[in-house]
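Undergrad: below is the sequence, then the predicted model.
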Amino acid sequence: MRHPLVHPLKQMNIFIIAFMILFVSCVTVRVNLCSPNMPSLNTLPVDGRFNFHEVQHAARDFGNRYQFLPMAVLHPKSVSDIATLIKHIWDIGPRSELTVAARGHGHSLHGQSQAHRGVVVNMESLKQPDIHVYTGNFPYADVSGGELWINILHESLRYGLAPKSWTDYLHLTVGGTLSNAGISGQAFQHGPQISNVRQLEVVTGKGEIVTCSEKQNDDLFHGVLGGLGQFGIITRARILLEAAPARVKWIRVLYSDFTAFTRDQEYLISGENTFNYVEGFVIINRTGLLNNWRSSFSPNDPVQASQFKSDGRTLYCLELAKYFNLDKTDIINQEVDKLLSKLSYIPSTLFVSEVTYIDFLDRVHVSEMKLRSKDLWDIPHPWLNLLIPKSKIHTFAQGVFGNILTETSNGPILIYPVNRSK
């Protein structure tokens, strides 16, 4: 990450551990009462509108564990609307108890996009002006902070381009992921999304509209990126682009040995001509796993795959992707075979799929639609992200996967390395 506080040990790898365990849990609900601040907001000159009645949707997020009702929701039509609101609260001073939260697609987990008795800014109302794609030697897309990444993908592909770094789920806003980090299986190559930003427009805590970059107002630039919304609201961003591929070789293989699993992950992220995407996940006490993959993947050896038994073991899945264009199919097949030949996975568990670039990047949305059809999406989603040093990952795995998590979990457990230098 290009951040002034990065540790000087640039080459040390770290592992990202993400837990999502689905269960029925208590939901914290805070009701909204009449506020003396309501009249003052009613008089603010904004192009958009305040809604003081239909606010229930702003009291929920993806985590679905906390419900904090705001006093109002601002639907801005312009950046100046947001600046007007924040400046108004700043001018009131410490006696104001109003808080402000920017809400994109509501994918926070612990109520961060909510504002109890405060004001939630609906950033998706700010999708103007349109996405602008600039080609040339250093292409970029100029987008609203309330724009969804899936829309940026579709628009940039019209020019044969695409952002360099992604999250696994694309139906999130630019301002939302840039306020966190934006980490996925491409981060080992390009860094997280916050390392691929050319310029930002930010509304500060004083209600000022400020343009910032690595060369202009750099303290604000680095503070806002990954700053969890505590240093300002991202209202516009210029996202770096690269040439987009047409197709993706999508591969899954299994390991029963954690040491071999992490060794191969580290090998793959250290090479020059390697896969474009490297992730992994932990599978605890599952049966019939490979049969579940057959709808999307083909086994390299169907006979051996049909004979594979997980027997309730803890297994580790390495998930890989190699991007390519159709005129390079033969070369890519050779490169993939060469890379796979150096890995120590269980041979019978090699599964391969070939999909379009869009289908690969938007794969989680397909799973979302399936879960929504079964009413399994709008449920509590406890989630924990951990950054574990390379030197501690085996101790961590032994203690957690070997002792704490021994029963089947309905939620994913992701684990993959990133290069600290990115």
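TA: Structure received.
Undergrad: which residues of the stretch 1-150 of the chain fall in strands?
TA: Under the criterion DSSP state E, counting those that start in this stretch, strands of the stretch 1-150 of the chain are mapped to 13-20, 28-30, 49-51, 66-68, 72-75, 100-103, 119-122, 132-134, 140-144.
Undergrad: most packed of the ones you listed?
TA: strand 119-122 (a mean of 25; mean count of other CB atoms under 10 Å). Yep, even glycine has a C-beta here, placed from its N, CA and C like the rest.
Undergrad: elements contacting it?
TA: strand 72-75, helix 79-92, strand 100-103 (3 or more CB pairs under 8 Å, 6 or more residues apart in numbering; DSSP states H and E).
Undergrad: to residue 268, which of these lies closest?
TA: Residue 268 lies closest, by CB to CB, to one member of these: strand 100-103, at 36.4 Å.
Undergrad: give me the buried positions along the strand or helix carrying residue 237.
TA: Residue 237 belongs to strand 233-243 when elements are defined using DSSP states H and E. Of the residues in strand 233-243, those buried by neighbour count under the rule 16 or more other CB atoms under 10 Å are 233-241.
Undergrad: now, the most widely separated pair of these?
TA: The span of the buried residues of strand 233-243, defined through CB to CB, is set by 233 and 241 at 23.8 Å.
Undergrad: around the nearest residue to residue 315 once chain neighbours are set aside, how many other residues sit close by?
TA: Across the structure, with CB to CB, 6 or more residues apart in numbering as the measure, the residue nearest residue 315 apart from its sequence neighbours is residue 283 (4.4 Å). Counted with other CB atoms under 10 Å, the burial measure for residue 283 works out to 18 neighbours.
Undergrad: likewise for residue 312?
TA: Taking other CB under 10 Å as the neighbour definition, residue 312 ends up with a count of 12.
Undergrad: and the gap between it and residue 256?
TA: With the distance defined as CB to CB, to the nearest Å, residue 312 ends up 12 Å from residue 256.
Undergrad: just residue 159 next, same as before
TA: Relative to residue 256, and taking CB to CB, residue 159 is found at 45 Å.
Undergrad: with residue 323 instead?
TA: In this structure, residue 323 lies at 29 Å from residue 256, with CB to CB as the measure.
Undergrad: ok, now residue 192?
TA: For residue 192, the distance to residue 256 - CB to CB - is 31 Å.
Undergrad: repeat for residue 82
TA: 52 Å.
Undergrad: what about these two, which has more around it?
TA: With neighbours defined as other CB under 10 Å, residue 82 and residue 256 compare such that residue 82 has more, 24 against 15.
Undergrad: show the pLDDT at the more buried one.
TA: pLDDT recorded at residue 82 is 97.
Undergrad: got the contact list for it?
TA: With contacts taken as CB atoms under 8 Å, 6 or more residues apart in numbering, residue 82 has the following neighbours: 74, 76, 121, 126, 203, 233, 235.
Undergrad: list the strands paired with whatever helix or strand residue 388 lives in, with their directions.
TA: Per DSSP H and E, residue 388 falls inside strand 383-389. For strand 383-389, the pairing partners within the sheet under DSSP bridges are strand 13-20 (antiparallel).
Undergrad: gap between residue 121 and residue 295?
TA: Distance, residue 121 to residue 295, by CB to CB: 41 Å.
Undergrad: grab the nearest non-local neighbour of residue 183.
TA: In space, and not counting its chain neighbours, residue 183 is closest to residue 192: 4.6 Å by CB to CB, 6+ apart.
Undergrad: right, and that neighbour touches residue 178 too?
TA: No: counting by CB atoms under 8 Å, residue 192 stays clear of residue 178, with 9.3 Å between them.
Undergrad: which residues are in contact with each of the two?
TA: Contact criterion CB under 8 Å, 6+ apart; residues shared by residue 192 and residue 178: residue 226.
Undergrad: OK, contacts around the residue lying closest to residue 51 once chain neighbours are set aside?
TA: Among residues not flanking residue 51 along the chain, residue 73 sits closest, at 4.7 Å (CB to CB, 6+ apart). When contacts are counted by CB under 8 Å, 6+ apart, residue 73 touches 50-51, 54-55, 58, 119-122.
Undergrad: again, but for residue 321
TA: Residue 321 makes contact with 185, 248-251, 275-277, 360 under the criterion CB under 8 Å, 6+ apart.
Undergrad: so what's the nearest residue to residue 387 once chain neighbours are set aside bridging to?
TA: Counting by CB to CB, 6+ apart, residue 387 lies nearest to residue 14, which is 5.1 Å off, once chain neighbours are set aside. Legend: beta-bridge partners of residue 14 under DSSP bridges are residue 389, residue 418.
Undergrad: any idea how far residue 119 is from residue 14?
TA: Counting by CB to CB, the separation of residue 14 from residue 119 is 37 Å.
Undergrad: do you know the pLDDT at the most centrally placed residue in the chain?
TA: The chain has residue 167 as the residue nearest its centroid, 3.5 Å off, counting by CA atoms, centre = their mean. Per-residue confidence at residue 167 stands at 95 (pLDDT).
Undergrad: torsion angles phi and psi at the closest residue in space to residue 217 that isn't next to it in sequence?
TA: Here the nearest residue to residue 217 in space, its sequence neighbours aside, is residue 210; by CB to CB, 6+ apart that works out to 5.9 Å. Main-chain torsions, residue 210, degrees, to the nearest 10: phi -130, psi 130.
Undergrad: contacting residues around residue 210?
TA: 201-204, 217, 220, 232.
Undergrad: would you agree residue 318 is in contact with residue 253?
TA: Yes: assessed by CB under 8 Å, residue 318 is found in contact with residue 253 at 5.1 Å.
Undergrad: now do the shared contacts for the two.
TA: Each of 343, 345 lies in contact with both residue 318 and residue 253 under the rule CB under 8 Å, 6+ apart.
Undergrad: residue ranges for the strands of the stretch 251-400 of the chain, please.
TA: Secondary structure of the stretch 251-400 of the chain (DSSP E, counting those that start in this stretch): strands at 277-284, 298-299, 314-324, 351-356, 383-389.
Undergrad: can you pull out the low-pLDDT segments for this structure?
TA: The model of the chain has pLDDT under 70 over residues 1-13, 16-39, 128-129, 285-289, 404-410.
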